[in-house]
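> Here's my sequence, what's the structure:
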Amino acid sequence: MSLPMESILLPGNPACQGCPHALGLRALSVLENVVLVVPAGCTTIISGVHPKASFSVPVLHVPFASAVAVASGLAAAYKQEGVEANVVVWMGDGAADIGFATISGAAVRNEDIIVVVSDNEAYMNTGIQSSGTTFWKAKTTTSPGGKSEEKKDLAGIMLMHRIPYVATASVGYLQDFVNKLRRVSEIRGFRFIHLHSPCPPGWRFDSSKTVEIARLAVKSGAWILWEYDGRFRISSPSKPYKDETKRVPLEEYIKTQGRFRGLSGEDIEEIKKKVEEQWKFVLTMEKTFK
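Numbers count the residues shown, from 1 in each chain. Okay, the predicted model is just below:
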């Protein structure tokens, strides 16, 4: 695996054990001249406090709703001054909920920025509340009986904006994520990556299992890796699982996490139907945008 030898995230940072954000942030090191824009969330804590900050690159902390708007202005200012910079918004799914208007607006304007949503499927930093991307039937502090609402497909929504680049990624397949970051570095305009980031305390699993559970999400078909740059294609780690018979049983993924404890057989069957609906969408996009 050709991950960067040097990381923009420094040792001794206050990330939780097994934190998926720490894995994803290290992968960002393949980009040159990174400037991070970080809305409130777990990464705000990971960043630390000056002069003992945890990043070796400039970081601008902003309110939930304004991250992408601020990044758009920052990128324009760097361009005006003739300064080379990769302005990257690193946000959670909570910030993507609250700040979606600015995400959509910047996408429509095709602002020259990179947006990475590191999705741990809940508002983890404020107490594990349900978010738009919380998995079906998952228990949170605001959905103690399991989430009943639909799961938001952020990458699918961004695909409909017809921006230059959209992808999904996973901390379980960091080489795939790194490859996608390298591609976005060669593209100008609005680029969006939806990164699946299993959270040990929020999902209630042992902190040594982060990568294993992230991979199970892909192998069971619950998280599909794909990318679009004018052509839609399913990424290599997910290709074998286009065939439903080759997937790990969804129960193998679900049983690893305390957030699914107590699900009924009917609940699991409902989740399976939702997963199949997502596969139908992805396979349709693959045929449509060849």
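> Mind listing what's buried along the lengthiest helix in the chain?
In the chain, taking DSSP state H as the definition, the longest helix is helix 265-288. With burial defined by 16 or more other C-beta atoms under 10 Å, the residues of helix 265-288 counted as buried are 268, 271, 272, 275, 278, 279, 282, 285, 286. No exception for glycine: its C-beta is placed from N, CA and C like everyone else's.
> can you check stretch 96-107 too?
Buried residues in stretch 96-107, counting neighbours by 16+ other C-beta under 10 Å, are found at 96, 97, 98, 99, 100, 102, 103, 106, 107.
> Now do the helices in the protein.
With DSSP H, the ranges of helices along the chain come out as 20-27, 42-47, 67-81, 93-98, 100-109, 154-159, 174-184, 200-203, 210-219, 250-254, 265-288.
> Export those helices as a markdown table, with columns for distance to residue 234 and mean pLDDT.
As requested, these are exported to a markdown table (distance: least, C-beta to C-beta, whole Å; pLDDT from 0 to 100):
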| stretch | distance to residue 234 | mean pLDDT |
| --- | --- | --- |
| helix 20-27 | 20 | 96 |
| helix 42-47 | 29 | 94 |
| helix 67-81 | 27 | 97 |
| helix 93-98 | 22 | 96 |
| helix 100-109 | 22 | 98 |
| helix 154-159 | 13 | 98 |
| helix 174-184 | 11 | 97 |
| helix 200-203 | 25 | 97 |
| helix 210-219 | 11 | 98 |
| helix 250-254 | 19 | 97 |
| helix 265-288 | 6 | 97 |
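> Next one: the spatially most central residue of the chain, what pLDDT does it get?
Centroid-nearest residue in the chain, with C-alpha atoms, centre = their mean: residue 195, separated by 2.2 Å. Looking at residue 195, its pLDDT stands at 98.
> Beta-bridge partners for it, please?
Counting by DSSP bridges, residue 195 forms beta bridges with residue 118, residue 169.
> residue contacts, it?
24, 116, 117, 118, 119, 168, 169, 170, 171, 177 (C-beta atoms under 8 Å, 6 or more residues apart in numbering).
> before we move on, what about residue 192?
The contact partners of residue 192, by C-beta under 8 Å, 6+ apart, come to 103, 107, 114, 115, 116, 117, 155, 158, 163, 165, 166, 167.
> of the residues you listed, closest to residue 11?
Nearest to residue 11 among those: residue 116, at 21.7 Å, using C-beta to C-beta.
> State the number of residues packed around the closest one.
Neighbour count for residue 116, taken as other C-beta atoms under 10 Å: 25.
> ok, now residue 69?
Residue 69: 19 neighbours (other C-beta under 10 Å).
> Ok, residue 84 next?
Residues lying near residue 84 (other C-beta under 10 Å) number 8.
> Phi and psi next, for it.
Backbone geometry at residue 84, expressed as degrees, to the nearest 10, gives phi -80, psi 120.
> Could you double-check that it sits in contact with residue 33?
Yes - with contacts counted by C-beta atoms under 8 Å, residue 84 reaches residue 33, the gap being 5.2 Å.
> okay, the buried residues of stretch 96-107 in CSV with distance to residue 220 next?
Shown next, in CSV, are these (distance: C-beta to C-beta, whole Å):
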residue, distance to residue 220
96, 24
97, 25
98, 30
99, 30
100, 28
102, 33
103, 28
106, 33
107, 30
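> For residue 260, give its distance to residue 73.
Shown here: residue 260 relative to residue 73, a distance of 41 Å by C-beta to C-beta, to the nearest Å.
> neighbour-wise, which of those two wins?
Applying other C-beta under 10 Å to residue 260 and residue 73 shows that residue 260 carries more neighbours, namely 22 against 14.
> Isn't the more buried one up against residue 139?
Yes - if you go by C-beta under 8 Å, residue 260 and residue 139 touch, sitting 7.3 Å apart.
> Overlap in contacts, these two.
Shared contacts of residue 260 and residue 139 (C-beta under 8 Å, 6+ apart): residue 146.
> Report the contact partners of residue 76.
Residues near residue 76 by C-beta under 8 Å, 6+ apart: residue 111.
> One more: residue 168?
Listed by C-beta under 8 Å, 6+ apart, the contact set of residue 168 reads 155, 193, 194, 195, 196, 223, 224, 225, 226, 227, 235.
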